[in-house]
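K.L.:
Have a look at this prediction, sequence included:
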Amino acid sequence: MFGLGTKNIGIDLGTANTIVYAEGKGIVLREPSVVAKNTKTGEIVSVGSEARDMIGRTPASIVAIRPMKDGVIADYDTTVAMMKYYIDKAIGHRAGKPYVMVCVPSGVTEVEKRAVIDATRVAGAHDAYVIEEPFAAAIGAGLPVMDPTGSMVVDIGGGTTDVATISLGGIVSSRSIRMAGDKIDESITSYVRQHFNLLIGERTTEKLKIDIASASIEKAAELDKQTIRGRDLITGLPKTIEIKADDVARAIQEVIQEIIAAIKETLEETSPEIAADVIDHGIVLTGGGAQLRHLPEVISEATKVPVFIASEPLDCVAIGTGESLKNIDVMKKK
Ligand code: ADP
Ligand code: MG
């Protein structure tokens with residue numbers, strides 16, 4: 001009756017990365033949410049980092065797919081295939097079917113939530129339960145979510161930025177906007193196209209962002225410039241240019257301002273007591289986007305509230321999802 005190894009796992013099924021937490025072990029897998037498929041046979045060529053390295057470099061017969069978009073399932077079958085691969089990889093074939101806790105953004109519809117539960121079951125879960133992403137992020141960031149004190153968490157992922165205030169074990173107010181890492185990348189790509197007539201690939205854009213992007217135009221002026229390569233739109237030939245950090249900061253300003261607006265709106269909706277708690281404890285940033293240079297300073301300046309980055313921002317949701325597995329026995333009985 002018992003399989004070998006662990007039975008309960010938590011999955012952070014992100015737009016950019018999938019992270020698996022196994023009960024009693026902690027994080028056992030971190031991989032990009034990417035699948036490479038053969039378009040002729042439908043066969044899966046590779047999953048994860050190997051597939052990500054193929055983005056923009058595949059021959060005609062292979063496509064690198066990101067099956068999650070804006071925090072929800074965009075390609076059901078590919079999501080199932082990816083999850084199945086990761087569940088097997090995380091716990092091994094010989095283990096019994098696990099109970100799985102999986103996160104969803106706070107703004108999703110019932111249909112989108114159902115799709116996640118179904119996909120997880122089809123991918124090999126004995127049963128699946130969902131937890132709201134900002135709540136999981138807050139647990140993973142070590143915030144006192146069960147206490148009668150207000151906390152605010154801002155999770156900036158690939159597809160969505162989720163903003164939430166939390167108190168007494170529940171979400172008090174929240175916002176989920178489709179403005180996060182991917183939109184930052186798109187803004188950079190279109191800026192480079194418009195200003196340099198240069199077409200750059202997804203991987204080049206992300207590297208440029210991680211290397212020199214800043215949330216603050218002023219502060220970016222002190223940063224370096226970077227050499228990037230792509231295809232000249234006029235000649236059609238490969239071209240190299242140099243781009244300055246403050247230009248990159250200018251390119252992404254609109255997204256930064258939208259994130260700040262969502263934070264402000266969420267704060268405006270909270271009770272005075274919770275607002276006061278947030279002023280005392282500050283806003284905590286999680287997700288890969290939290291690592292954008294100068295972001296805490298820029299948000300703090302706009303909201304007049306202290307802002308911190310969680311330790312291990314990329315792992316918070318998975319840790320919180322895993323921690324909440326403790327409640328799975330209660331949920332099973334429902
Ligand atoms: P998701 O939960 O949607 O899968 P993650 O929390 O894993 O997303 O974060 C992925 C996003 O974070 C990507 O858009 C990635 O480009 C971005 N990111 C990762 N590191 C950095 C960094 N140092 N600066 C800015 N953005 C980053
Ligand atoms: Mg996430």
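P.N.:
Thanks, I have the structure now. Numbers count the residues shown, from 1 in each chain. Ligands and ions are numbered 1, 2, ... in the order given.

K.L.:
can you tell me the helix or strand for residue 263?
P.N.:
For residue 263, the element it lies in under DSSP states H and E is helix 245-269.

K.L.:
Tell me the residues of the chain that contact ligand 2?
P.N.:
Counting by Cβ under 5 Å from the ion, the residues of the chain close to ligand 2 are 14, 157, 317. Backbone N, C-alpha and C define where each C-beta goes, glycine included.

K.L.:
Sort out which of these are in helices and list them.
P.N.:
The members of these that map onto helices under DSSP state H are residue 317.

K.L.:
So which of the residues of the chain next to ligand 2 wins on neighbours?
P.N.:
Among the residues of the chain next to ligand 2, residue 317 has the most neighbours (other Cβ atoms under 10 Å), with 33 neighbours.

K.L.:
Tell me who's in contact with residue 299.
P.N.:
Residue 299 makes contact with 154, 215, 259-260, 263, 283, 285, 307, according to Cβ atoms under 8 Å, 6 or more residues apart in numbering.

K.L.:
thinking again about what came up before, can you say which of the residues of the chain next to ligand 2 are also within reach of ligand 1?
P.N.:
14, 157 (Cβ under 6 Å from any ligand atom).

K.L.:
Relative to residue 207, which of the residues of the chain next to ligand 2 is nearest.
P.N.:
Within the residues of the chain next to ligand 2, the smallest distance to residue 207 is 18.3 Å, found for residue 157 (Cβ to Cβ).

K.L.:
Report the two of the contacts of residue 299 separated the most.
P.N.:
For these, the farthest-apart pair by Cβ to Cβ is 215 and 283; their separation is 14.0 Å.

K.L.:
Residue 133 versus the closest residue to ligand 1 within the stretch 1-150 of the chain, what's the distance?
P.N.:
Closest to ligand 1 within the stretch 1-150 of the chain is residue 14: 2.1 Å, counting by Cβ to the nearest ligand atom. Remark: distance between residue 14 and residue 133 (Cβ to Cβ, to the nearest Å) = 9 Å.

K.L.:
Poorly predicted segments of this structure, please.
P.N.:
1-6, 331-334 (pLDDT under 70).

K.L.:
Run through the helices of it in chain order.
P.N.:
Using DSSP H, helices in the chain cover 49-52, 76-91, 110-122, 133-140, 181-196, 202-212, 217-220, 245-269, 272-281, 295-303, 316-323, 328-332.

K.L.:
nearest to residue 232, of those helices?
P.N.:
With Cβ to Cβ as the criterion, residue 232 lies closest to helix 181-196 of these, at 8.7 Å.

K.L.:
Can you check what angle separates the closest one from helix 245-269?
P.N.:
Per axes from the mean of the first three to the mean of the last three Cα atoms, to 10 degrees, the angle that helix 181-196 makes with helix 245-269 is 140 degrees.

K.L.:
Next, the buried residues of helix 181-196.
P.N.:
Burial within helix 181-196, assessed by neighbour count using 16 or more other Cβ atoms under 10 Å, is assigned to 181-185, 187-189, 191-192, 196.

K.L.:
So is it next to ligand 1?
P.N.:
Yes - Helix 181-196 comes into contact with ligand 1 (Cβ under 6 Å from any ligand atom), by way of 181-182.

K.L.:
Identify all contacting residues around that helix.
P.N.:
Under Cβ under 8 Å, 6+ apart, the answer for helix 181-196 is 15-16, 156-159, 198-200, 202, 205-206, 208-209, 213, 228, 230, 233, 241, 243, 247-248, 250-252, 254-255, 288-289, 292.

K.L.:
and what of stretch 216-236?
P.N.:
Contacts of stretch 216-236 from elsewhere in the structure, counted by Cβ under 8 Å, 6+ apart, are 192-193, 197-201, 204, 208, 211-214, 237-246, 248-250, 253, 293-294, 297-298.

K.L.:
let's see it at 6 Å
P.N.:
197-200, 204, 208, 211-212, 214, 239-240, 242-246, 249-250, 294, 298 (Cβ atoms under 6 Å, 6 or more residues apart in numbering).

K.L.:
Just the C-alphas of it, formatted as CSV.
P.N.:
Extracted in CSV, the C-alpha atoms of stretch 216-236 (Å, rounded to 0.1, in the frame of the first residue of the first chain):
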residue,chain,number,x,y,z
SER,A,216,14.9,53.6,-11.2
ILE,A,217,15.9,55.7,-14.2
GLU,A,218,18.0,58.0,-11.9
LYS,A,219,19.8,55.2,-10.2
ALA,A,220,20.4,53.3,-13.4
ALA,A,221,22.6,56.2,-14.7
GLU,A,222,25.3,54.9,-12.4
LEU,A,223,25.1,51.4,-13.8
ASP,A,224,27.0,50.0,-16.8
LYS,A,225,26.1,49.5,-20.4
GLN,A,226,25.8,46.2,-22.2
THR,A,227,26.6,44.9,-25.6
ILE,A,228,23.8,42.9,-27.2
ARG,A,229,23.4,41.1,-30.5
GLY,A,230,20.4,40.5,-32.7
ARG,A,231,19.2,40.9,-36.2
ASP,A,232,19.1,44.3,-37.9
LEU,A,233,15.5,45.0,-39.1
ILE,A,234,16.7,47.0,-42.1
THR,A,235,19.6,45.0,-43.5
GLY,A,236,18.4,41.6,-42.1
